[in-house]
Every structure is written in structure tokens, then in C-alpha cells.
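Engineer: no sequence on hand, only this structure:
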């Protein structure tokens, strides 16, 4: 499926922002370089953006820029994993992830165990899919293992999680974005999650 | 943060040094640095080459400098000729002379006098250019953009003798910004909020939101008022 695009002009009109603002946000790395898509049209070269991504990003910037400086915003929106750690007991208290998940997947860890942001992210992703009712507990184990084994390999690059099932057999995959994926018939796509978005959300909850 | 006392790098005369993480780099004469350089202060006089990326808080370059990678600088003053094969990222950038950039430029405050050639997009907060020679850039985007041609002074004559023989004009495909004030500019499209098209301009299409001023003698193919 082709991603829906919005032209620069439409974007500025719809959101009521100026060229200057857009370029300033780009300089501050609030809008990723990859989102600027150049295409030739009958009026010459024009710039387009992935519509859903850019619209939600601009809402986010406009909502948050009251309280935060652009640099702080850039930190918040950066796709990089923050150097953030949290004790298990603290994490439980903050109620970001449901108790069930911690009991099921982290019962062997002591309360004083320190989790890296990455570990917190894994719990968060598992929790998200469980709450959506799309995944069983057993599959949660499988997902955690997949994330542990493969997520670090992406480094700073953005990736998506794909969760499919065929005839009751489930399977997970991580893929770098942007990428397209086509399945054989009979495969049901249960969920596709952008981990970059998960990182952003979790960051918003924690920090 | 680990606090290490970084070493300084000094080159006098003709010499080559290796890249690395330095406190202050000072090059007088003909100096080459092999590899990436990180420096708090980068000060060069003469002919300098950096065979890698240069990242510095402050840069003061007189003479000719060529950077084979990307340049990232805080406050910079360049008198002479700067050539960057990669991209440029800077806070304040002042150039008197010739600027050549192979990829995109992102600069908060650009103050330039002379000539330039930027192959990529020039993204600036504030841009103030006084042309002595030809300015060429693929696209410009930013907040305040001002282009002027300098009257030939005695000093100007000397500089034009140094510069390639081109008429002092800015050539670009598009300029987009909030406040745009142009002279001697050739562009396909100019889009802005407040736009002034001055002497010697030849613009294909001008799109403006609140205000457009056109000096007699400036050529515009099409004027469009957009938005509210």
C-alpha cells in the first residue's frame, strides 16, 4: 500500500505554520530528514511528507513548544534510546506497565534490579500487545526473546515490529523502515508496531 | 562526563598531523590533518586540509581551507576560501570570500560577503548575503533571507580580480522563507510571507502571503497571493 503524502504547501496551509518554522524545526532535527520526499510534479520539483507522520509530529511540536525549548523538544523526539535507568520497584509504582506483565515476565528479578531503557521498552511493547488482546502470554515470551535477540542490532535505525499468525501459529519479525512486506495467503497480520513511536511514547511517560 | 585535559595541536610551516580529539588546533602555514578532528577551537592561517570531518566549537580560518568530510561548527569566521565536500552545520557563520559546499548547509545565522556555491539545500535562520561574485545554490529555505549586491569599492575591485569572472548574481531554483528581500537574484520560485523583489531580479513565480513589493525593472513571471 502506498503511503499517503501531503505536499509542503498543503501542510503549511492546514497547520497554519510558516516556511520559516518548518525549516527551523528541520534544523533542530524535530522533523527527520527522511520525511522530506522530493517528487517532480507538473509545476516542477515539490516536497512531500508522509501525511499521518508529519501531521501528528507537528501537532506534537505545537503542543509541547509552550513548555519546552526546541532543544529539549529535540531530545524528546529523538529516536535514540535515552540513557535512562529505573529500579524495578520504581517502575512498578509508576504504573506504566500492568502488574500482570511484571509478574509474568519479571518475577525472578528483585525489586532493586535496575532496568535499562531498552528493557523497559520491551516490557512496554509486550504490555501494549497484551492489553490490545492480540497476543497470549506464551506469545509474550516469544516476543520478549525476539526483541532481546534482535532489537539491539538496529542501533539507531528505526524499526517496526511485525506480528503475524497463520493457522494458529504465531511469529514475530523486526524490520527496518521504510520497507514493504507482502505475505503468503492465509497469513494474518495481527499487529505492526513502530518501535520509534513506542520509544517516544514511553519516553513521554517516563521523563 | 569524563574530564580529560585535551592536548593542543600546533602546526607551523609545512606539516601533517593526525586527527583526533583536541583542545585547540592552530595551523600556520601549510598543514594537513589526516582523519576526523574534534576541537574546541580551530584556528588556521594559510593553506589547510582536513581529510575527514571537522567538529569544532569555534573556527577562525584565514586563507584556504578544504574539508573532505562534514563540517560542524559553533561560531565561525572564514576569511578567504572554504571548501567543504560534505555538509555544513553551524550556529553563526561569517564568510568573507568564497564558500563551496558539496551537500546541504544548515546554519542559524549566515553572514556572507563574496561568492558561493552550495550544491544542496541551504537551510538558514537568518541569511545576509552581499554578493561580489556569483552565488549558486540549489534551494534556500529559512526565516530571514536578504541578498544584496555590493557596490564596487577599491577593495571590491581587488576581490573581483581574485574571484571567477561571473556577474554578481544569485542563481537558485527556489527560495522559501518568512521575510525575503532580494536583489540581483534569478530564481524559478520565491515563496514567502513578506517578499521584496528588488533591482536586477528575474523570478519565475512569486507566492506571497501578506506583502509583496516589486521594484521597477524587476522581472516577475507570475504573482500569486496565497493563504489569508
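Structural biologist: Cool, the structure landed. None of the values given here were measured: they were computed from a predicted structure.

Engineer: tell me the secondary structure of residue A:133, please.
Structural biologist: Here residue A:133 is recorded as coil under DSSP: H, G, I helix; E, B strand; the rest coil.

Engineer: what does it show for phi and psi?
Structural biologist: Dihedral pair for residue A:133: phi 70, psi 20, per degrees, to the nearest 10.

Engineer: relative to residue A:139, how far out is it?
Structural biologist: Separation of residue A:133 from residue A:139 (C-beta to C-beta, to the nearest Å): 12 Å. (C-beta placed from N, C-alpha, C; glycine too.)

Engineer: looking at these two, which one has more neighbours?
Structural biologist: Under the neighbour definition other C-beta atoms under 10 Å in any protein chain shown, residue A:133 and residue A:139 were set side by side, and residue A:139 has more, 19 against 7.

Engineer: wouldn't the more buried one be in contact with residue A:168 here?
Structural biologist: No - in this structure, residue A:139 is not within contact of residue A:168 by C-beta atoms under 8 Å, at 11.0 Å.

Engineer: number of nearby residues for the residue nearest to residue A:70 when sequence neighbours are not counted?
Structural biologist: Counting by C-beta to C-beta, 6 or more residues apart in numbering or on different chains, residue A:70 lies nearest to residue A:28, which is 4.7 Å off, once chain neighbours are set aside. Residues contacting residue A:28 under the criterion other C-beta under 10 Å number 17.

Engineer: contact partners for residue A:28?
Structural biologist: Contact analysis of residue A:28 by C-beta atoms under 8 Å, 6 or more residues apart in numbering or on different chains lists A:70-71, A:73-74.

Engineer: show me which of those is closest to chain B.
Structural biologist: Using C-beta to the nearest C-beta, residue A:70 comes nearest to chain B of these, at 11.2 Å.

Engineer: and that closest one, what does it touch?
Structural biologist: Going by C-beta under 8 Å, 6+ apart, residue A:70 touches A:24-25, A:28, A:30.

Engineer: these into a markdown table, with extra columns for secondary structure and pLDDT?
Structural biologist: Formatted as a markdown table, the contacts of residue A:70 follow (DSSP: H, G, I helix; E, B strand; the rest coil; pLDDT from 0 to 100):
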| residue | secondary structure | pLDDT |
| --- | --- | --- |
| A:24 | helix | 88 |
| A:25 | helix | 86 |
| A:28 | coil | 83 |
| A:30 | coil | 83 |
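
Engineer: which two from those end up farthest apart in space?
Structural biologist: Taking C-beta to C-beta, the two most distant members of those are A:24 and A:30; they sit 8.5 Å apart.

Engineer: check whether the helix or strand hosting residue B:172 comes into contact with chain A.
Structural biologist: Residue B:172 belongs to strand B:170-182 when assigned by DSSP states H and E. Yes - counting by C-beta under 8 Å from any C-beta of the partner chain, chain A is contacted by strand B:170-182 at B:173-174, B:176-179.

Engineer: mind listing residues that contact the helix or strand following that strand?
Structural biologist: Next helix or strand after strand B:170-182 toward the C-terminus (DSSP H and E): strand B:185-197. Counting contacts by C-beta under 8 Å, 6+ apart, the residues outside strand B:185-197 that touch it are A:18-20, A:44, B:145, B:147, B:169-182, B:200-215, B:218, B:220, B:226.

Engineer: list buried residues within those.
Structural biologist: Burial by neighbour count, 16 or more other C-beta atoms under 10 Å in any protein chain shown: within the contacts of strand B:185-197 this picks out A:18-20, B:145, B:147, B:169-170, B:172-182, B:200-201, B:203-209, B:212, B:214, B:218.
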